[in-house]
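Asks: quick check, what structure comes out for this input:
(4 chains)
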There are 2 protein chains.
Amino acid sequence: MLMNENLTRKEQVYLHATVMFKDRGYAATSMRDLANSLGIEAASLYSHIKSKEEILRKICFDIAAEFISGLIDIEQEDIPASEKLRKGIISHTKVIARDLASSAVFFNEYRCLSPSYLHDFLLLRINYINRFKKIIKQGIAEGEFVNIDIKLAVMTLFSSLNWMPSWYNHTENINQEKVSEELANMLIKGLKK
Amino acid sequence: MLMNENLTRKEQVYLHATVMFKDRGYAATSMRDLANSLGIEAASLYSHIKSKEEILRKICFDIAAEFISGLIDIEQEDIPASEKLRKGIISHTKVIARDLASSAVFFNEYRCLSPSYLHDFLLLRINYINRFKKIIKQGIAEGEFVNIDIKLAVMTLFSSLNWMPSWYNHTENINQEKVSEELANMLIKGLKK
DNA sequence: CCTACCGATCGGTAGG
DNA sequence: CCTACCGATCGGTAGG
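Replies: Here you go, the predicted structure:
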């Protein structure tokens, strides 16, 4: 059962929808399923939201904004690429750990966005990936990292980070910060000379 | 356009379905979409297949079988854990590279299986993951790997490997074997002392 | 492989 | 937040 106290009805709708989109997928979750989990009729949902896709859009674009804003300050710092990368990884994992369900939807369900929103979403994603590519390029240029294929490196990085929501569990006695650090260590060690 | 020459109609149905499930998701792909991409009516599909889910089942369980069978010989070899892991990673990436679309469906759409098939599928997946865990445990026990959290290590490993189908592209001038080797190097280096 | 069609379910609206 | 309902679409079947 979801914790619903202190939430407005609208927030409850978003919360339940996020969890259901994560568990069953966006297309496989019907508005009747969602209404049922809230104990109301499907038609009643529409006094809180405009459409099913509006929910998906909010999840995807909110998380995208969090990822990018977490990275901006780090980019400006005058530190070695490995340290930038470490901080970037920790920032990224923090966004994920803060909201595992939304992150999972972000990673897996974005393609259900209608074409024009999907287009904008993909631009944001490319922008974010390019920022990490730039850090890795810096590390190679400064001789800190091995001369690895950039695309391979950055895709491996994101792959590792982005499946976190599907295996990382808040309730286990695993510490989020420790996980992030171990992960960052492992990945950076794989890149270093 | 898909290459359909030399394929039976049934094989064409499976091929088109796999690509569409990968691109749009299982739930979001209708039998009418599928029929349309083959230039026939939806009802005509059912002279080649029994149900929509039958297609998904075949994809998921065939790929599962390929993953496991690729690993069995490697496990028996009397070599260091790092070499077992390297061979395991290369075997795994070969299965993926051989059929990117099926692999993508395997990783992302399995949860659309009906409960009893989903149950069997998850057992196969746990079995496969445990085989890799055992290799990493061996490496830690023999002092070859750092004393990392096993779950973290194996999940990072699979995350890296399993997003391959979503970014790795056959048509680019990237060589599959080289990608596998670089990937294996990077990941094993992250584990080594 | 087609036409014709089934019951079920979909996202969403009207009106209160 | 409800009842009542819309047109569209779903997976699938019958019969040829």
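Asks: please count neighbours and contacts with C-alpha atoms only from this point.
Replies: OK.
Asks: wondering if the lengthiest helix in chain A reaches DNA strand C at all.
Replies: In chain A, assigned by DSSP state H, the helix with the most residues is helix A:115-141. No - figure legend: helix A:115-141 not in contact with DNA strand C (C-alpha under 7 Å from any atom of the strand); closest approach 14.2 Å.
Asks: which is the next helix or strand following that helix?
Replies: Remark: after helix A:115-141, the chain's next helix or strand is helix A:150-162, criterion DSSP states H and E.
Asks: near chain B at all, the least confident helix or strand in chain A by mean pLDDT?
Replies: Ranked by mean pLDDT, DSSP states H and E, the weakest helix or strand in chain A is helix A:164-167, scoring a mean of 79. Yes - Helix A:164-167 comes into contact with chain B (C-alpha under 8 Å from any C-alpha of the partner chain), by way of A:Trp167.
Asks: I'd guessed A:Phe111 sits against A:Asp120; true?
Replies: Slight slip there: residue A:111 is Arg, not Phe. No - taking contacts as C-alpha atoms under 8 Å, A:Arg111 lies outside contact range of A:Asp120: 11.5 Å.
Asks: from the chain's centroid, how far away is the helix or strand containing A:Leu71?
Replies: Element membership of A:Leu71 [criterion: DSSP H and E] is helix A:52-76. Centroid displacement of helix A:52-76 relative to its chain, using C-alpha atoms, centre = their mean, to the nearest Å, is 8 Å.
Asks: and the angle for whatever helix or strand comes next after it with helix A:52-76?
Replies: Next along the chain after helix A:52-76, taking DSSP H and E as the criterion, comes helix A:81-98. Using axes from the mean of the first three to the mean of the last three C-alpha atoms, to 10 degrees, the inter-axis angle of helix A:81-98 relative to helix A:52-76 is 150 degrees.
Asks: which residues sit against helix A:81-98?
Replies: With contact meaning C-alpha atoms under 8 Å, 6 or more residues apart in numbering or on different chains, helix A:81-98 is reached by A:63, A:66-67, A:70-71, A:74-75, A:77, A:103, A:132, A:135-136, A:138-139, A:144, A:161, A:164-165, A:170, A:176-177, A:180-181, A:184-185, A:188.
Asks: low pLDDT regions in chain A?
Replies: Within chain A, the ranges that satisfy pLDDT under 70 run A:1-3, A:170-174.
Asks: quick check: nearest residue in space to the most centrally placed residue in chain A, chain neighbours excluded?
Replies: With distances taken as C-alpha atoms, centre = their mean, the residue of chain A nearest its centroid is A:Ser103 (3.7 Å). Once flanking residues are discounted, A:Ser103 sits nearest to A:Ile96: 5.6 Å by C-alpha to C-alpha, 6 or more residues apart in numbering or on different chains.
Asks: mind checking how far the one you found is from DNA strand D?
Replies: A:Ile96 sits 29 Å away from DNA strand D, going by C-alpha to the nearest atom of the strand, to the nearest Å.
Asks: which bits of chain A sit near DNA strand C?
Replies: Going by C-alpha under 7 Å from any atom of the strand, the residues of chain A near DNA strand C are A:27, A:29-33, A:42-43, A:46, A:50-53.
Asks: if we use 10 Å, what do you get?
Replies: By the rule C-alpha under 10 Å from any atom of the strand, the part of chain A lying against DNA strand C is A:26-35, A:41-47, A:49-55.
Asks: count the neighbours of the residue lying closest to A:Ile129 once chain neighbours are set aside for me.
Replies: Nearest non-adjacent residue to A:Ile129, counting by C-alpha to C-alpha, 6+ apart: A:Val154, 7.5 Å away. If you count neighbours by other C-alpha atoms under 10 Å in any protein chain shown, A:Val154 ends up with 18.
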